[in-house]
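**Q** Next one to model:
(one chain, ligands or ions: 1)
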Amino acid sequence: MISISKFSKTFGRGTPNEVAALNSVDIDIKTAEFVSLIGSNGSGKSTLLNAIAGSFLGDAGKIIIDNVDVTSWQEYKRAKFLGRVFQNPYLGTASSMTIAENLQLAYLRGQPKQFRIGLTQHQRKHLQERIAEFGMGLENRMDTPIGLLSGGQRQALTLLMATLHRPKILLLDEHTAALDPASAEQVLYMTEKIIAIYGLTALMVTHSMEQAVGFGNRLIMMNQGKVAWDVSNDEKYCLTADDLVTKFRDMHVQISL
Ligand SMILES: Nc1ncnc2c1ncn2[C@@H]1O[C@H](COP(=O)(O)OP(=O)(O)OP(=O)(O)O)[C@@H](O)[C@H]1O
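**A** Numbering: from 1, shown residues only. Reported below is the predicted structural model:
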């Protein structure tokens with residue numbers, strides 16, 4: 001599904017701020033794999049997601065999505081493959097618009113202009129049912145402006161909007177980091193459910209070792225712009241959060257030697 005080969009990106013080349021954010025990265029991700037992406041600050045996790053989304057073009061290497069070479073594609077052209085949720089719950093939804101209006105925007109996105117008139121009663125009911133699955137009571141607040149919702153409620157909506165059209169790839173960049181534990185748990189539960197039901201290929205950046213071991217069927221640890229560790233399936237399911245902390249420590253020792 002996603003094939004990244006020898007992909008490199010250096011920011012600020014030739015300046016005192018030069019950073020090799022991605023350094024000849026090779027990753028192959030199969031359809032419906034759910035990858036937890038971990039690594040210390042500045043190790044290149046967000047840059048990897050941005051590279052897949054086409055937020056910038058690389059200096060070298062290739063990115064192939066669903067057998068299509070998208071290496072030179074701009075972000076808007078890749079958007080049809082992708083759903084994204086960021087850490088900040090205030091991104092991704094329009095504050096002054098109601099829940100129904102935000103959902104309508106997401107629902108009608110990509111439809112031919114002549115069909116972008118509004119939601120039918122049937123569509124509205126379908127969206128209400130989808131939103132009810134989050135267990136936050138939002139289905140009864142369809143006409144409430146999003147600006148009045150909590151961060152957790154907004155993030156639930158952002159996740160729903162990002163996946164309404166079943167993107168091939170879901171990119172989650174610390175999407176529960178700003179939420180309280182109960183909201184984070186609910187949004188994560190729904191994330192896992194949506195990924196499984198739709199068979200999405202997903203990458204989730206997290207700094208929570210519990211989340212990293214508890215979610216996904218593959219775990220990738222980045223270090224200094226490279227893949228430092230890559231474990232899947234049974235090997236991943238046997239991991240504990242303590243194992244990851246030990247791995248982080250070992251790596252840190254290796255770096256400082
Ligand atoms: N647009 C940019 N311009 C300049 N430098 C950048 C840019 N984006 C990322 N970097 C640099 O690239 C490196 C990797 O950043 P990135 O955000 O990918 O790290 P990260 O692993 O996601 O870190 P964190 O866990 O702190 O979010 C960092 O040194 C960062 O400062």
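**Q** now the stretch 1-150 of the chain, which segments are flagged as low pLDDT?
**A** Within the stretch 1-150 of the chain, the set of residues satisfying pLDDT under 70 comprises 110-118.
**Q** Enumerate the residues of it near the ligand.
**A** Within the stretch 1-150 of the chain, the positions adjacent to the ligand are 11, 12, 19, 21, 39, 41, 42, 43, 44, 45, 46, 47 by C-beta under 6 Å from any ligand atom. Where C-beta positions appear, they are placed from N, C-alpha and C, glycine not excepted.
**Q** Swap in 8 Å and give it another go.
**A** 11-12, 17, 19, 21-22, 39-48, 50, 56 (C-beta under 8 Å from any ligand atom).
**Q** Among those residues, name the ones in helices.
**A** 45, 46, 47, 48, 50 (DSSP state H).
**Q** ok, the third one - contacts?
**A** The neighbourhood of residue 47, defined by C-beta atoms under 8 Å, 6 or more residues apart in numbering, consists of 9, 21, 22, 225.
**Q** Now render the residues you listed as JSON lines, adding neighbour count.
**A** Shown next, in JSON lines, are the contacts of residue 47 (neighbours: other C-beta atoms under 10 Å):
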{"residue": "9", "neighbour count": "23"}
{"residue": "21", "neighbour count": "22"}
{"residue": "22", "neighbour count": "27"}
{"residue": "225", "neighbour count": "23"}
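**Q** which residues touch the longest helix anywhere in the chain?
**A** Determined from DSSP H, the single longest helix within the chain is helix 181-198. With C-beta under 8 Å, 6+ apart as the contact definition, helix 181-198 has outside contacts at 34, 133-136, 150-153, 155-156, 159, 163, 166, 170, 172, 175-177, 179, 200, 202, 204, 211, 215.
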